[in-house]
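Peer 1: The amino acid sequence is not available; the structure is as follows:
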């Protein structure tokens, strides 16, 4: 602290009001710097505001995955089930919304709305941060409390007749028996770094893009500042010229003052590399190849085609199967034999894999025609119209 105090004591100026700071610089930066040291705890509502609504990498990653699953071609053996799953409810797409909830929160909840005869007519995805799991005396979930606008509604797992009322989907969480872990939580620290670098660069640009430094008091006769001047200038320096929002703020020099640059240049601080590394960590947490987000320096995949195929095989298909498996299980009482999955034959990114499989099976002379159809997932010939 002695060095910092000496640098601050070198500043000389009046006690007049300072030029107001830009509101754009103030908004958004201080929430990212509330904790001076150590990692900030994860809080879902704030994480959505800063990590999804205000971060282009995280938002693009979530949209790429959620929209990819929501718009994927669906293979369903029951037309009633297909209409139920693909219909919009209150303006939301069920599968896309559930995928986003699982990525951001780690949990997804679906309310089954029925008609007078007890047949499902609508599926509505509930906001997971509003849901609280209610446990019975043995520790098993028996209901869900859904809080909205200060009021709480209890959603049972099953109705009076034992038919499902709510479907719960969650990702794996090794330390929680009833709630999953979202990818946003894993990417949280990288999101803070990425946002901080963005706000710092913006603050620097809004302050004429001048680097930080120190004002050295030199009179040539060895004179020093009085204690009163010392304390006053320390306070002014802390208020008007300290902090990330004041990065590069210019100062007016008068008698006896000399400017001495103290800040590292952007190249020295390697801000571009730091921000790029944070962006890649965010993409890694969501399972999106950085190449698909326009991030440079990714040589893992030979081209966009390979990256797109990896996205489907490693991220989209496992996430989609988790959602569809939970929907099949929850709706099994009404659709016991229904098939619900993504139609892999209709996914353009997987067409080369499918062509390679067809070629390999066709060239396998040791397989019968019926065995080949079975390996390709086709029905037996006698069942083909």
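Peer 2: Yep, it's here. All of these numbers come straight from a predicted model, not from anything done at the bench. Numbers count the residues shown, from 1 in each chain.

Peer 1: and the closest residue to residue 115 other than its chain neighbours, how many neighbours does it have?
Peer 2: Spatial nearest neighbour of residue 115, chain neighbours left out: residue 121 (5.0 Å); criterion: CB to CB, 6 or more residues apart in numbering. No exception for glycine: its C-beta is placed from N, CA and C like everyone else's. Here the number of neighbours of residue 121 (other CB atoms under 10 Å) works out to 13.

Peer 1: contacting residues for residue 121?
Peer 2: 84, 113-115 (CB atoms under 8 Å, 6 or more residues apart in numbering).

Peer 1: same thing but at 7 Å, please
Peer 2: By CB atoms under 7 Å, 6 or more residues apart in numbering, residue 121 lies in contact with 113-115.

Peer 1: Give me the residue ranges of the stretch 201-350 of the chain where confidence is low.
Peer 2: Applying pLDDT under 70 to the stretch 201-350 of the chain flags residues 205-226, 229-230, 233, 237-238, 240-271, 297-302.

Peer 1: In it, mark out all the strands, start to finish.
Peer 2: 213-217, 257-261, 340-342 (DSSP state E, counting those that start in this stretch).

Peer 1: Over to the stretch 1-150 of the chain?
Peer 2: 74-76, 88-89, 92-93, 107-114, 120-126, 131-135, 141-148.

Peer 1: so of the ones you listed, which one's packed in deepest?
Peer 2: Per residue and on average, the most neighbours among these fall to strand 107-114, with a mean of 20 (mean count of other CB atoms under 10 Å).

Peer 1: ok, it: who's next to it in the sheet?
Peer 2: Strand 107-114 sits in its sheet next to strand 120-126 (antiparallel), strand 166-170 (antiparallel), going by DSSP bridges.

Peer 1: what about that strand, distance to the chain center?
Peer 2: Put simply, strand 107-114 sits 23 Å off its chain's centre (CA atoms, centre = their mean, to the nearest Å).

Peer 1: who touches that strand?
Peer 2: 98, 101-102, 120-126, 128, 131, 144, 155, 164-170, 179-180, 330.

Peer 1: One more: stretch 51-62?
Peer 2: 28, 100, 103-104, 184, 187-188, 191, 194-195, 279, 282-283, 286, 288, 293.

Peer 1: Compute the distance from the centre of it to the centre of its chain.
Peer 2: 6 Å.

Peer 1: what mean pLDDT does it have?
Peer 2: Averaging pLDDT along stretch 51-62 gives 95.

Peer 1: how about it: buried residues?
Peer 2: By neighbour count on 16 or more other CB atoms under 10 Å, the buried set for stretch 51-62 is 51-52, 54-55, 57-58, 60-62.

Peer 1: Of the strands of the stretch 1-150 of the chain, give the one that comes closest to residue 374.
Peer 2: Comparing the strands of the stretch 1-150 of the chain against residue 374 with CB to CB, the closest turns out to be strand 74-76 (17.0 Å).

Peer 1: Can you name every helix or strand that the closest one contacts?
Peer 2: Counting contacts by 3 or more CB pairs under 7 Å, 6 or more residues apart in numbering; DSSP states H and E, strand 74-76 packs against helix 79-86, strand 340-342.

Peer 1: picking up where we left off before, which ones among the contacts of stretch 51-62 are found in helices?
Peer 2: Judged by DSSP state H, helices contain the following of the contacts of stretch 51-62: 100, 103-104, 184, 188, 191, 194-195, 279, 282-283, 286.

Peer 1: got those residues as JSON lines, with neighbour count and distance to residue 373 columns?
Peer 2: Formatted as JSON lines, those follow (neighbours: other CB atoms under 10 Å; distance: CB to CB, whole Å):
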{"residue": "100", "neighbour count": "22", "distance to residue 373": "38"}
{"residue": "103", "neighbour count": "26", "distance to residue 373": "37"}
{"residue": "104", "neighbour count": "23", "distance to residue 373": "41"}
{"residue": "184", "neighbour count": "25", "distance to residue 373": "43"}
{"residue": "188", "neighbour count": "23", "distance to residue 373": "49"}
{"residue": "191", "neighbour count": "24", "distance to residue 373": "49"}
{"residue": "194", "neighbour count": "27", "distance to residue 373": "50"}
{"residue": "195", "neighbour count": "22", "distance to residue 373": "53"}
{"residue": "279", "neighbour count": "25", "distance to residue 373": "46"}
{"residue": "282", "neighbour count": "31", "distance to residue 373": "44"}
{"residue": "283", "neighbour count": "24", "distance to residue 373": "40"}
{"residue": "286", "neighbour count": "22", "distance to residue 373": "38"}
